[in-house]
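Q: Quick one, structure for this:
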Amino acid sequence: MPPSFQEMWRELAALGGHADDGYRRFAWTAADADCRAWFAAQARGRGLAYETDRNGNQWAWRGVSESASPDRPAGERRSAGPDQAATDAVVTGSHLDSVPDGGAYDGPLGVVSGFAALDELRARGARLRKPLAVVNFADEEGARFGLACVGSRLAAGQLSREQAARLRDADGITLPDAMARAGHDPEAIGPDPERLARIGAFVELHIEQGRALADTAHPVGVASAIWPHGRWRFDFHGEGNHAGTTRLDDRRDPMLTYATTVLAARKKARLAGALATFGKVAVQPGGVNAIPALVRGWLDSRAADEETLSRVVEQIEGAARDRGARDGVRVGVTRESFTPLVEFASGLRDRLAARLGGVPVLPTGAGHDAGILSATLPTAMLYVRNPTGVSHAPAEYAAEDDCAAGVTALADVLEDLACH
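A: Numbers count the residues shown, from 1 in each chain. Prediction:
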């Protein structure tokens, strides 16, 4: 008998934990390997056809007509999947990696709920007319290499093999090297159009990243759209010097320019009704008694439309350059990633909302693999109520009853899509 939702949750919760109950499940690390082993065990324990695709994404298939060995080695270039002639497979799932000191629910809730929903369909005696799968997309958070949704971007052709090879972590290890050290063949990575062409719908369940549902009677909602968002690296080049002997008037201190830019980002975003966050900073040389030579800060910005987002980022960059000119600091700005506005497929979105009895339909500012894949195939999202409204932090939470409601809703949706 497959493990229950609670059993799966307890097993997964023990993997990759860090101080204060947060998680550090970074891509292609030992913690990530433990999570990937857990996924494989869940697939095999249910008799599902398990595979790892060319980009390190994990799949567990039910209703596969072509032969698939559950023991097929990870990283093999030709792996199983839905029938080669099928174009209507139904897929659910999410990711298992985390941000630094992240919460337990972002990503894993969708994967655990996917397996639990398949169990529910078995219990109902549902007769599949289409292949059905649970997926764990690799490196969704981008915590290690700085780019979100790497696995789904590679599969969809939105990240080239050459671009992926240039991604490095804080220790200078490239993404291909990290994958190779984890036992995956980096020579295989690249677009996977044949696989995606065989998928008719992808439905991702996710904890709500906010608390719009908390003030309603609904434990589950449906996503309407994802705000456009991106990441920009700001490089502030000053002059390193002695903190105890250099007069204030003689300094070219990039930290001062950086600090002013952070304040400007908050002001520009607030006035525009957008979001802007400097959540990561690196300082060189990093001495307590030294004026920095370089401060590098990463801006995450999001808005309801692309015009507003572009304007806000331009204003932040302008403020940085103006302040830099006064401080004698050279400012460089590089856009590292960008995801345009995602409007989820209206037919699929409306079908989900109707199937679930008119639940709330909500936009979000958070990016997801479903958003990346939306340009290639019909995608939709379900949200499970988060009473704290906190995400990317240990206080992230969903009540057990709401998690159960999410599994039931997902099973209802999958049954509607895969059995009719």
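Q: got any ranges where the protein has weak pLDDT?
A: For the chain, residues meeting the criterion pLDDT under 70 lie at 64-87.
Q: per-domain residue ranges of it.
A: Using automatic domain parsing, the domain parsing of the chain gives 5-227+341-418, 229-339.
Q: end-to-end on the first one?
A: Using CA to CA, to the nearest Å, the end-to-end distance of domain 5-227+341-418 comes out at 22 Å.
Q: Just the strands from the stretch 151-300 of the chain, written as ranges.
A: Chain-ordered strands for the stretch 151-300 of the chain, with DSSP state E, counting those that start in this stretch as the definition, fall at 199-207, 220-226, 229-237, 241-242, 275-284, 290-291, 294-302.
Q: Just give me the neighbour total for T216.
A: One way to gauge burial is a neighbour count; for T216, by other CB atoms under 10 Å, it gives 13. In this view, the C-beta of every residue, glycine as well, is placed from N, C-alpha and C.
Q: list the buried ones in the helix ranked longest in the chain?
A: When the chain is scanned for its longest helix (criterion: DSSP state H), the result is helix 306-327. Applying a neighbour-count criterion of 16 or more other CB atoms under 10 Å, one finds 308-309, 312-313, 315-317, 319-321, 323-324, 327 buried in helix 306-327.
Q: which of the domains of the chain is buried the deepest?
A: Relative to the other members of those, domain 5-227+341-418 carries the highest mean neighbour count by mean count of other CB atoms under 10 Å, namely a mean of 20.
Q: quick check, distance from that domain to the centre of its chain.
A: Mean-position distance between domain 5-227+341-418 and its chain equals 9 Å (CA atoms, centre = their mean, to the nearest Å).
Q: what comes into contact with the helix or strand hosting L417?
A: Here L417, judged by DSSP states H and E, is contained in helix 400-418. Contact partners of helix 400-418, identified using CB atoms under 8 Å, 6 or more residues apart in numbering, comprise 5-6, 9, 63, 90, 92, 109, 113-114, 116-118, 120-121, 124, 126, 128-132, 200-201, 203, 205, 219-220, 351-352, 355-356, 359, 382, 384-385, 398.
Q: the inter-axis angle of it versus strand 199-207?
A: Following axes from the mean of the first three to the mean of the last three CA atoms, to 10 degrees, one obtains 170 degrees for the angle between helix 400-418 and strand 199-207.
Q: Run the angle between helix 400-418 and strand 220-226 for me.
A: 70 degrees.
Q: got JSON lines for the buried residues of helix 306-327, with distance to H420 too?
A: Rendered in JSON lines, the data for the buried residues of helix 306-327 read as follows (distance: CB to CB, whole Å):
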{"residue": "T308", "distance to H420": "40"}
{"residue": "L309", "distance to H420": "39"}
{"residue": "V312", "distance to H420": "44"}
{"residue": "V313", "distance to H420": "45"}
{"residue": "Q315", "distance to H420": "50"}
{"residue": "I316", "distance to H420": "49"}
{"residue": "E317", "distance to H420": "51"}
{"residue": "A319", "distance to H420": "54"}
{"residue": "A320", "distance to H420": "54"}
{"residue": "R321", "distance to H420": "57"}
{"residue": "R323", "distance to H420": "60"}
{"residue": "G324", "distance to H420": "60"}
{"residue": "D327", "distance to H420": "64"}
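Q: Quickly check the residues you listed for the two that are furthest apart.
A: Taking every pair in these and measuring CB to CB, the maximum separation is 28.5 Å, between T308 and D327.
Q: list the contacts for G190?
A: R54, N55, L154, S160, R161.
Q: Compute the distance between the first one and G110, please.
A: What that stands for is R54. Distance of R54 to G110, computed by CB to CB, to the nearest Å: 22 Å.
Q: same deal with the last one?
A: Taking CB to CB as the measure, R161 falls 27 Å from G110.
Q: do the fourth one as well
A: The spacing between S160 and G110, counted by CB to CB, is 27 Å.
Q: wait, N289 sits on T245?
A: No - the pair N289 and T245 does not pass the contact test of CB atoms under 8 Å, sitting 9.9 Å apart.
Q: which residues does the closest residue in space to V283 that isn't next to it in sequence contact?
A: Counting by CB to CB, 6 or more residues apart in numbering, the nearest residue to V283 once its immediate chain neighbours are dropped is P292, at 5.0 Å. Taking CB under 8 Å, 6+ apart as the contact definition, P292 lies against G238, G240, D253, P254, M255, V283, Q284, P285, G286.
Q: For D327, see how far away P292 is.
A: 12 Å.
Q: shared neighbours of the two, anything?
A: In the contact map built from CB under 8 Å, 6+ apart, the residues linked to both P292 and D327 are G238, D253, P254.
Q: And R127, how close does it get to C419?
A: Counting by CB to CB - R127 and C419 are separated by 6 Å.
Q: Then R168?
A: The spacing between R168 and C419, counted by CB to CB, is 45 Å.
Q: can you tell me the helix or strand for the one residue sitting closest to the centre of the chain?
A: Centroid check for the chain by CA atoms, centre = their mean gives E140 as the closest residue, at 3.4 Å. Per DSSP H and E, E140 falls between elements, in no helix or strand.
Q: Could I get the contacting residues of R144?
A: With CB under 8 Å, 6+ apart, R144 has these contacts: F26, A27, W28, T29, D169, A178.
Q: Then G240?
A: G240 touches Q284, P285, A290, I291, P292, A293, counting by CB under 8 Å, 6+ apart.
Q: how near is the closest residue to P186 other than its chain neighbours to L147?
A: Using CB to CB, 6+ apart and skipping residues adjacent in sequence, the residue nearest P186 is P176, 3.5 Å away. With distances defined as CB to CB, the gap from P176 to L147 amounts to 14 Å.
Q: Which residue comes closest to G406 once chain neighbours are left out?
A: Nearest residue to G406, sequence neighbours excluded (CB to CB, 6+ apart): V384, at 4.0 Å.
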